[in-house]
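K.L.:
below are the sequence and a predicted model for it; my questions follow.
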Amino acid sequence: MAKIIICEDENIVALDIKRHLERFGYEVAGIYDSAEDAISACARDKPDLVLMDIQLSGAMDGLDASTIIYQNHNIPVIMLTAYADDITLARVKDGLPFGYILKPFEDRELKTAIEIALFRHEMDEKLRKSEARYRTLFEDAPTANFTADGNGILTDCNTTFIKLLNIESKEDVIGQSIFSYFTDTDNDNRLWQSFLNRTNGVSQDWELKRSDGTKVFVLATLSILPRTEDKPLEIQGYLLDNTERRDLENQLRQAQKMEAIGRLAGGIAHDFNNIITAIMGYGNLLREDIEDNPLLKEEVEGILSATQRAVNLTRQLLSFSRKQAVEAKVVNIHDILKDLEKMIQRLVNENIQVTLALNASSPFVSIDPGQFEQTIVNLVVNARDAIKGNGSIIIQTKSVICDNTCHQHGIKQGKWLQIIVKDNGCGISAEDLQHIFEPFFTTKEKDKGTGLGLSTVYAIITRSGGQIAVESTVGAGTTFFIYLPEVEEKTEAISNTAQKVEQKTRSGTIIVAEDDEFIRGLISRLLAKSGYRVLESTDPHDAIQIAEHEKDYMLLTDIVMPQMNGYDLAARLSEKRPGLKVLFISGYQDRSFIVPEKNLGNVKSLFLEKPFSHEVLLETIDKLATL
């Protein structure tokens, strides 16, 4: 039942209207003779409708009151009046009444006007709520929403659209062309035209530019709003920020490329190891044969030195392919840095001066030497790229003792070797410093960095029990601080100096199973020269046939061979000779793809990684013989 207020200054007329309303089944909430009282009653009683005369007692007439009641309280008003002159009608049109009834009126006329006013108000409320709901969805949506005409001129947008394109206000958007935000106007204009030629909505990938010039990638969903004959074409668009997903896709593609290149590098390194093993072995043999010729000996040492650099290159390839075995050793950091100095000089431009300041009193740490070299090279390359024009890179070492009062980069109590790599380049912003060690994060230009260098450095140092920190000032340069625990056992430090193999008499039979002709011939010659009886086999089946005629022997076998791998060969031979002593050799660091078919429990074995020197081979076989 609708609740109605009557505002009529003539009491008899008001009572008559009240009688009609009650007979129609409406509830009369009150009768008032002034507009002010009626407005107060509306605020208090919240009626569904007001019947209001134009001429009322008090300072305000009904037309002004009707506007206030509708605007402030959202209550429909029907005007009751005996006047129908042009001035009154004009005022009525300017106001907000839901009906206009001339006195005197019939019962049916009054009821019809009331029902129409109530229905119209109900429909208006539904429309208002629908529009409010749409406006809320449009304004508060996480997508960047906009409307535009057929020519791409923006007519509306939401807050997310403004934030997405880094625009100050909506006023800066309305009236602008959507094409002004495209990075490639011609191409995206074609996308827009292709959409207009379709009858249904479409989704397109757009590349937009923000007001600050940065790019943003969005998924644009476009549709044409229903149109009437007198309404121009209107486009509605929803933009979803796709930048992060696109970056992740690029990272995935980059990771897949890195994986593919890594596999290629691992394969190349394996083949290269065989070649290096042959060069190194024949070089060692030649050095022994020309012991009394200093001039030739110097030339051979040059060959062996170049071979060692090739070994280091192979190690870097394997490190890149993530197939390098991590072997921490006690090393002298000063020796490594001195050996790297020439390489570093080649890495940087002539306008950059590289200085070593090796001041540490105890430069011994436990770390994989190849990975430490990789760490320094990565930091130097980063420093080089940060320097525009003339500049300098300083590599410095210091011994640091941290006690309970030490707060230097959060390192723990103890003795540390500090390695500093400092440049005077462009520096890194505070915001970028927070992400500097994250995988795939890079501040370099497109196609000039993978974003993996510093994340690899971080992994190497932390895996070695150390810490790394960075300080930088934009325009002044960047300094990386590496902290590695000092090692007291200096005698364990490795040396790059070749040790001369001990000259002693060796004997026994060794079956050499190696499918590479050069490696097989080299190993056989080295072993034969040292006193062993050597039986060469070109493949595993040949080795099995040879072994059938031997009573006492050791087996030296490559692991990866055609037809049968070295593990299975050893298992087959150990069936007839339990306790067989086997030296496995391989140029593959990752041998997880090779699984023995049979148990090797009866085999006593050692493993030697290619490339290896004459000395290391004989030392390993001596150790195998004692098992």
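P.N.:
Done, it's in.
K.L.:
quick one: find the helix or strand in the protein with the lowest mean pLDDT.
P.N.:
helix 86-94 (a mean of 69; mean pLDDT, DSSP states H and E).
K.L.:
pLDDT below threshold where in the stretch 301-450 of the chain?
P.N.:
Residues of the stretch 301-450 of the chain that meet the criterion pLDDT under 70 lie in 312-326, 404-407, 439-450.
K.L.:
same check on the stretch 151-300 of the chain?
P.N.:
188, 199, 227-232, 251, 254-255, 258-259, 261-262, 265-267, 270.
K.L.:
can I see the domain layout of this structure?
P.N.:
3-133, 141-241, 326-492, 509-625 (automatic domain parsing).
K.L.:
out of those, the one nearest residue 274 is which?
P.N.:
Among the domains of the chain, the nearest to residue 274 by CB to CB is domain 509-625 (5.3 Å). In short, each C-beta sits where N, CA and C put it, glycine included.
K.L.:
what about stretch 540-557, start to end distance?
P.N.:
9 Å (CA to CA, to the nearest Å).
K.L.:
identify the residues contacting it?
P.N.:
Outside stretch 540-557, the residues that touch it by CB atoms under 8 Å, 6 or more residues apart in numbering are 508-514, 523, 527, 535, 537, 561, 563-566, 568-570, 572-573, 576-577, 580-585, 621, 624-625.
K.L.:
could I get the domains of the chain as JSON lines with distance to residue 282 and mean neighbour count?
P.N.:
What follows is the domains of the chain, written out as JSON lines (distance: least, CB to CB, whole Å; neighbours: other CB atoms under 10 Å):
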{"stretch": "domain 3-133", "distance to residue 282": "85", "mean neighbour count": "17"}
{"stretch": "domain 141-241", "distance to residue 282": "57", "mean neighbour count": "15"}
{"stretch": "domain 326-492", "distance to residue 282": "24", "mean neighbour count": "17"}
{"stretch": "domain 509-625", "distance to residue 282": "6", "mean neighbour count": "18"}
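K.L.:
now the most centrally placed residue in the chain: which helix or strand?
P.N.:
Nearest to the mean C-alpha position of the chain, by CA atoms, centre = their mean, lies residue 248 at 5.1 Å. Residue 248 is located in helix 243-289, with elements delineated by DSSP states H and E.
K.L.:
now that helix, how far from the centre of its chain.
P.N.:
Here the centre of helix 243-289 is set off from its chain's centre by 25 Å, with CA atoms, centre = their mean, to the nearest Å.
K.L.:
following the strand ranked longest in the chain, which helix or strand comes up?
P.N.:
Secondary structure of the chain per DSSP state E: the longest strand is strand 391-402. Using DSSP H and E, the helix or strand that follows strand 391-402 in sequence is strand 414-423.
K.L.:
packing partners of that next one?
P.N.:
helix 369-386, strand 391-402, strand 477-485 (3 or more CB pairs under 8 Å, 6 or more residues apart in numbering; DSSP states H and E).
K.L.:
let's verify residue 425: helix, strand, or coil?
P.N.:
coil (DSSP: H, G, I helix; E, B strand; the rest coil).
K.L.:
now do the contacts for it.
P.N.:
Residue 425 touches 383, 385, 386, 387, 388, 391, 477, 478, counting by CB under 8 Å, 6+ apart.
K.L.:
beta-bridge partners for residue 145, please?
P.N.:
residue 238 (DSSP bridges).
K.L.:
picking up where we left off before, need the helices and strands packed on strand 414-423 in a markdown table with distance to residue 173, can you?
P.N.:
Formatted as a markdown table, the helices and strands packed on strand 414-423 follow (distance: least, CB to CB, whole Å):
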| stretch | distance to residue 173 |
| --- | --- |
| helix 369-386 | 38 |
| strand 391-402 | 44 |
| strand 477-485 | 40 |
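K.L.:
and of the ones you listed, who's closest to residue 37?
P.N.:
Per CB to CB, nearest to residue 37 of the helices and strands packed on strand 414-423: strand 477-485, 78.1 Å.
K.L.:
what are the phi and psi values at the closest residue to residue 34 other than its chain neighbours?
P.N.:
What sits nearest to residue 34 in space, not counting adjacent residues and going by CB to CB, 6 or more residues apart in numbering, is residue 58, at 3.6 Å. As for residue 58, its main-chain torsions (degrees, to the nearest 10) stand at phi 110, psi 180.
K.L.:
which one of the domains of the chain lies closest to residue 295?
P.N.:
Here domain 509-625 is closest among those (CB to CB), at 21.8 Å.
K.L.:
and the closest one, average pLDDT?
P.N.:
Mean pLDDT, domain 509-625: 86.
K.L.:
could you work out the end-to-end span of it for me?
P.N.:
11 Å.
K.L.:
from the chain's centre, how far out does that domain sit?
P.N.:
46 Å.
K.L.:
now stretch 164-180
P.N.:
29 Å.
K.L.:
which non-adjacent residue is nearest residue 462?
P.N.:
residue 468 (7.5 Å).
K.L.:
what helix or strand is the one you found on?
P.N.:
Per DSSP H and E, the secondary structure element for residue 468 is strand 467-473.
K.L.:
residue 472 versus residue 426, what's the distance?
P.N.:
Using CB to CB, to the nearest Å, we find residue 426 at a distance of 9 Å from residue 472.
K.L.:
hmm, back to that, export the longest strand of the chain to PDB, keeping only CA atoms.
P.N.:
Output of strand 391-402 as PDB, limited to C-alpha atoms (Å, rounded to 0.1, in the frame of the first residue of the first chain):
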ATOM      1  CA  GLY A 391      86.500   5.500 -16.600                       C
ATOM      2  CA  SER A 392      88.100   3.100 -14.200                       C
ATOM      3  CA  ILE A 393      87.400  -0.300 -12.600                       C
ATOM      4  CA  ILE A 394      89.200  -1.200  -9.400                       C
ATOM      5  CA  ILE A 395      89.400  -4.800  -8.100                       C
ATOM      6  CA  GLN A 396      90.600  -4.800  -4.500                       C
ATOM      7  CA  THR A 397      91.000  -7.400  -1.800                       C
ATOM      8  CA  LYS A 398      91.100  -6.900   2.000                       C
ATOM      9  CA  SER A 399      91.200  -9.100   5.000                       C
ATOM     10  CA  VAL A 400      88.200  -8.300   7.300                       C
ATOM     11  CA  ILE A 401      87.800  -9.500  10.900                       C
ATOM     12  CA  CYS A 402      84.200  -9.100  12.100                       C
END
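K.L.:
which elements pack onto that strand?
P.N.:
Against strand 391-402 (3+ CB pairs under 8 Å, 6+ apart) you get helix 333-347, strand 352-358, helix 369-386, strand 414-423.
K.L.:
quick one: contacts of the following helix or strand past the second one?
P.N.:
For strand 352-358, the succeeding helix or strand toward the C-terminus, using DSSP H and E, is strand 364-367. By CB under 8 Å, 6+ apart, the surrounding residues in contact with strand 364-367 are 328-333, 417, 460, 464-466, 484-490, 493.
K.L.:
and strand 364-367, how far from the chain's centre?
P.N.:
33 Å.
K.L.:
again, but for stretch 218-225
P.N.:
Averaging C-alpha positions (CA atoms, centre = their mean) puts stretch 218-225 27 Å from its chain's average.
K.L.:
same check on stretch 85-105?
P.N.:
On CA atoms, centre = their mean, the centre of stretch 85-105 falls 68 Å from that of its chain.
K.L.:
send me stretch 328-339 as PDB with only the CA atoms.
P.N.:
Output of stretch 328-339 as PDB, limited to C-alpha atoms (Å, rounded to 0.1, in the frame of the first residue of the first chain):
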ATOM      1  CA  ALA A 328      85.200 -26.300  -4.000                       C
ATOM      2  CA  LYS A 329      88.900 -26.100  -3.500                       C
ATOM      3  CA  VAL A 330      91.200 -24.000  -1.300                       C
ATOM      4  CA  VAL A 331      92.500 -21.400  -3.700                       C
ATOM      5  CA  ASN A 332      94.700 -18.300  -3.600                       C
ATOM      6  CA  ILE A 333      92.400 -15.500  -4.800                       C
ATOM      7  CA  HIS A 334      95.400 -13.300  -5.600                       C
ATOM      8  CA  ASP A 335      96.800 -15.900  -8.000                       C
ATOM      9  CA  ILE A 336      93.400 -16.300  -9.800                       C
ATOM     10  CA  LEU A 337      93.000 -12.500 -10.100                       C
ATOM     11  CA  LYS A 338      96.500 -12.100 -11.500                       C
ATOM     12  CA  ASP A 339      95.800 -14.900 -14.000                       C
END
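K.L.:
right, I'll leave it there.
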